[in-house]
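Enquirer: Would you be able to build a 3D model of this:
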Amino acid sequence: KISQWIIDYRLPAFIVTIVATALAIAGLGQLTFTSDYRIFFSDDNPELMAYQKIQDTYGQSDNVMFLLAPRNGDLFTSENIAATEWLTKKCWELPYSQRVDSITNFQHTAVSEDDLIVSFLSEVAAEQGPEAMKEIAIHEPMLVNRLISPSAHVTAINVYLELPADQTGPLKILMNKARELKSNFIARYPQFEVYILGIAPVNHGFNEVAQSDNKTIFPAMMLVILVLVGLLLRSISSTLITMAIILMSVLATFGLTGLLGIPLNTVNMITPLLLITLAVADCVHILSHYLACLRKGLDSVSAMRTSMEINLFPVFLTSFTTAIGFLSMNFSDSPPFRELGNLSGMGVAITFLFSIALLPQLGIWFTRNKHAFDSTWTEAFDKLAAFVIRNHLVLFWVCLLAAISVISFIPKNEMNDDNVGYFSTDLPIRQAADFAQANLSGMHVIEYALDSKQTNGISDPKFLEQVYAFTEWYRQQPEVNHARKPRAR
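Expert: Got it, this is the predicted structure:
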């Protein structure tokens, strides 16, 4: 029998598994993390290909935006204009900045007799006063609901970026500098509330939240498991063995992830939480029967052999079907979810291997004493079982009706992939997004690449007429608060 072989050769299996685990864990140093939003799409995804074509033609749309809200509610005072101009100039010093758009450096064209006079709006304020600048800004379609609110109580400074392909490290550098600039600005001009928003901050926000969650959720879950497993098994050594199997499974899985060159992201980083569930189930099944056999007077080797004979096939079947379920995620169109399925499936296999190769030897070494508490039976569970058997028909119909009632709410589900909605309302990035939505503009943008199909066709009056008609049509659509004029290339 396989269970007999596992017990007879438990020490060699233990040693080989430990060595293999050590080699796998060495891959932790090769782990990388990516925050590029493009990873959610396959290379042949039509939307990604269209987006990439626009990026290659017109430049990247990655940005970081500073939202400025003067506490007096009036942006157009000499001091507030000067503050906006100071921050606009400083934004050019941010890493990877390619262009900075602001109301102060917006080029305004005026007609004076036969001359066209082009000047920055900050120059208009210096020559004609803040009110003249305000009058131009709040009536300029290129600015309203993009860089300034209609009531002139909020403005934005938009920094366009040219980020490298691997954005994770550069994003951290950029955001550190952006936050430092925000702090310096507030220290210099305390009359402003300042928010940081944009594609780059949102991407970096996902990284920070994922890393923060792993530092809090995983340890908290381990603590809960430590307590619950301790209560179930009433054995300190068995509880510690379970925790060891969990930790080694997670470390080995992530080590192999590094060796395979699979980058971590906000999706596949939840793999440990999935593995913990199965690891606990495997360990509790095997150890509970092992402790029960010890209580009956069996020696440790015989008790572990009996437990493996009872649990080997159920544990294998559970692990196998669970792995198949995770691997079915390879049918997903999104690469991170395919990676999540593959890593989880691999982790399930590793957890099963550790449960039959490491756990028996650890159990025999560290859990030898009889336990007065029978973990396979308690009076409470005996009463519950008797209640279920006596009332099986009633319970069947009650549960069936309850299931049907819950199923009837399926049509109430809504598909929603609002990336800002992933963040808690107490996070700065979410507060910035909500503030922008309420006071200036939303984050969602639709971009079109319009091809005239002719050389120099973008200067054709007929083509331009169609483009501007399209722009005006969009401005009239519901939930559209700004439509920009096209950029030529």
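
Enquirer: got the contact list for residue 266?
Expert: For residue 266, the contacting residues are 35, 206-207, 209-210, 336, by C-beta atoms under 8 Å, 6 or more residues apart in numbering. Using the backbone N, CA and C atoms, a C-beta is placed for each residue, glycine as well.

Enquirer: Scan these and report the most crowded one.
Expert: Among the contacts of residue 266, the one with the most neighbours (other C-beta atoms under 10 Å) is residue 35, at 25 neighbours.

Enquirer: and that residue, what helix or strand is that in?
Expert: Using DSSP states H and E, residue 35 falls within no helix or strand.

Enquirer: cool, residue 401 as well?
Expert: helix 392-407.

Enquirer: repeat for residue 124
Expert: Here residue 124 is assigned to helix 121-128, by DSSP H and E.

Enquirer: helix or strand right after that helix?
Expert: Later in the chain than helix 121-128, the nearest helix or strand by DSSP H and E is helix 130-137.

Enquirer: for the chain, which spans come out with low pLDDT?
Expert: 113-114, 368-378, 485-489 (pLDDT under 70).

Enquirer: re the thing from before, residues in contact with the helix holding residue 124?
Expert: 76, 78, 81, 85, 103-106, 108, 132-133, 136-137.

Enquirer: Name the residues of it that are buried.
Expert: 121-122, 124-126 (16 or more other C-beta atoms under 10 Å).

Enquirer: Widest-spaced pair of those?
Expert: 121 and 126 (9.8 Å; C-beta to C-beta).

Enquirer: hmm, back to that, so which of the buried residues of helix 121-128 is the closest to residue 439?
Expert: Once C-beta to C-beta is applied, the member of the buried residues of helix 121-128 that ends up nearest residue 439 is residue 121, at 20.2 Å.

Enquirer: how close does the closest one get to residue 9?
Expert: As for residue 121, its distance to residue 9 is 81 Å (criterion: C-beta to C-beta, to the nearest Å).

Enquirer: still on that earlier bit, now the contacts of helix 121-128: which count as buried?
Expert: 76, 81, 85, 103-106, 108, 133, 136-137.

Enquirer: From the residues you listed, which land in helices?
Expert: 81, 85, 133, 136-137 (DSSP state H).

Enquirer: Helices of the stretch 251-400 of the chain, start to end?
Expert: Per DSSP state H, counting those that start in this stretch, the stretch 251-400 of the chain carries helices over the ranges 271-295, 300-327, 335-357, 359-366, 379-390, 392-407.

Enquirer: Now tabulate the ones you listed in JSON lines and tack on distance to residue 466.
Expert: Compiled in JSON lines, the helices of the stretch 251-400 of the chain are given as follows (distance: least, C-beta to C-beta, whole Å):
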{"stretch": "helix 271-295", "distance to residue 466": "51"}
{"stretch": "helix 300-327", "distance to residue 466": "50"}
{"stretch": "helix 335-357", "distance to residue 466": "38"}
{"stretch": "helix 359-366", "distance to residue 466": "71"}
{"stretch": "helix 379-390", "distance to residue 466": "72"}
{"stretch": "helix 392-407", "distance to residue 466": "50"}
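
Enquirer: Which stretch among those approaches residue 70 most closely?
Expert: helix 335-357 (41.2 Å).

Enquirer: That closest one versus helix 300-327: what angle between them?
Expert: 170 degrees (axes from the mean of the first three to the mean of the last three C-alpha atoms, to 10 degrees).

Enquirer: tell me which strands and helices helix 335-357 is in contact with?
Expert: Under the contact criterion of 3 or more C-beta pairs under 8 Å, 6 or more residues apart in numbering; DSSP states H and E, helix 335-357 touches helix 10-25, helix 236-259, helix 271-295, helix 300-327.

Enquirer: shouldn't residue 87 be in contact with residue 67?
Expert: No: counting by C-beta atoms under 8 Å, residue 87 does not reach residue 67; the two are 11.1 Å apart.

Enquirer: rewinding a little: downstream neighbour of the helix holding residue 401 in the secondary structure list?
Expert: helix 428-439.

Enquirer: Would you mind pulling the contact partners of that following helix?
Expert: Contacts for helix 428-439 (C-beta under 8 Å, 6+ apart): 65, 67, 69, 149, 153-154, 156, 195-197, 201-202, 205, 420, 423-425, 442-443.

Enquirer: and those residues, which of them are in strands?
Expert: 65, 67, 69, 156, 195-197 (DSSP state E).

Enquirer: Turn those residues into a markdown table, columns for distance to residue 452 and neighbour count.
Expert: Formatted as a markdown table, the ones in strands among the contacts of helix 428-439 follow (distance: C-beta to C-beta, whole Å; neighbours: other C-beta atoms under 10 Å):
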| residue | distance to residue 452 | neighbour count |
| --- | --- | --- |
| 65 | 31 | 25 |
| 67 | 36 | 24 |
| 69 | 41 | 19 |
| 156 | 31 | 24 |
| 195 | 39 | 23 |
| 196 | 38 | 20 |
| 197 | 34 | 27 |
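
Enquirer: could you dump those to TSV with distance to residue 326?
Expert: Below are these laid out as TSV (distance: C-beta to C-beta, whole Å):
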residue	distance to residue 326
65	39
67	42
69	47
156	43
195	40
196	37
197	36
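
Enquirer: Return the closest of those with respect to residue 318.
Expert: Of the ones in strands among the contacts of helix 428-439, the one sitting nearest to residue 318 (C-beta to C-beta) turns out to be residue 197, at 45.8 Å.

Enquirer: quick one: contacts for the nearest residue to residue 34 once chain neighbours are set aside?
Expert: Excluding the flanking residues, the one nearest residue 34 by C-beta to C-beta, 6 or more residues apart in numbering is residue 263, at 4.4 Å. When the contact criterion is C-beta under 8 Å, 6+ apart, the partners of residue 263 are 31-34, 39.

Enquirer: so which of these is the most crowded?
Expert: Top of these by neighbour count (other C-beta under 10 Å): residue 34, with 18 neighbours.

Enquirer: can I assume that residue is in contact with residue 164?
Expert: No: with contact defined as C-beta under 8 Å, residue 34 does not reach residue 164; the gap is 12.0 Å.

Enquirer: joint contacts of those two?
Expert: With C-beta under 8 Å, 6+ apart, residue 34 and residue 164 have no common neighbours.

Enquirer: picking that back up, between the helices and strands packed on helix 335-357, which one is closest to residue 382.
Expert: helix 271-295 (14.6 Å).
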